[in-house]
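In: predicted model and sequence follow; I will ask about them next.
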Amino acid sequence: QVQLVESGGGLVQAGGSLRLSCAASGRTLSAYTMAWFRQAPGEERDFVARISWSWGTTAYADSVKGRFTISRDSANNTVYLQMDSLKPEDTAIYYCAASVVPELLGKPNYPYWGQGTQVTVSS
């Protein structure tokens, strides 16, 4: 089992920045891929970014490339999402997720989720 707790959401003006944190506990995380997803009202939950805990390799959705940065702090078992140049369309609930097998049959496969943190970007 892996427990995930997000924090750092809030209200920010367009062009501003926020940093989300995801504190992870439970099993040894070295085998896991950590990811951020987001869900806007009335829409599906979408992939934002992911990072391999061991290797630090990253991947991003096209919509956030160049603006968001995912990173991890192994000493504190925490994953971060630095969000810069925020846009109103980034408004959503942001979720942290963890998986040993991040993709299954070409689809995201994350069995562990946090409770989410709200990010609101005003225009």
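Out: Thanks, I have it.
In: element containing the residue most central in space within the chain?
Out: Nearest to the geometric centre of the chain sits Trp36, at 1.9 Å (Cα atoms, centre = their mean). Element membership of Trp36, judged by DSSP states H and E, is strand 33-39.
In: list the buried residues for that strand?
Out: 33-38 (16 or more other Cβ atoms under 10 Å). In short, each C-beta sits where N, CA and C put it, glycine included.
In: list the contacts of whichever helix or strand comes after that strand.
Out: Counting by DSSP H and E, the element after strand 33-39 in chain order, helix or strand, is strand 45-52. With Cβ atoms under 8 Å, 6 or more residues apart in numbering as the test, strand 45-52 has contacts from 33-39, 57-61, 64, 68-72, 79, 81, 94-95, 102, 108.
In: now do strand 45-52 and strand 33-39, the angle between them.
Out: Counting by axes from the mean of the first three to the mean of the last three Cα atoms, to 10 degrees, strand 45-52 lies at 160 degrees to strand 33-39.
In: can you pull up the bridge partners for Leu11?
Out: Beta-bridge partners recorded for Leu11 (DSSP bridges): Thr120.
In: that one against Pro88, yeah?
Out: No: using Cβ atoms under 8 Å, Leu11 is not in contact with Pro88, being 11.6 Å away.
In: residues shared between the contacts of the two?
Out: Counting by Cβ under 8 Å, 6+ apart, the common neighbours of Leu11 and Pro88 are 121-122.
In: rewinding a little: now do the same contact list for the residue nearest to the centre of the chain.
Out: Contacts of Trp36 by Cβ under 8 Å, 6+ apart are 20, 22, 48-50, 70, 79, 81, 94-97.
In: leaving out sequence neighbours, find the closest residue to it.
Out: Val48 (4.3 Å; Cβ to Cβ, 6 or more residues apart in numbering).
In: and the gap between that neighbour and Thr28?
Out: 25 Å (Cβ to Cβ, to the nearest Å).
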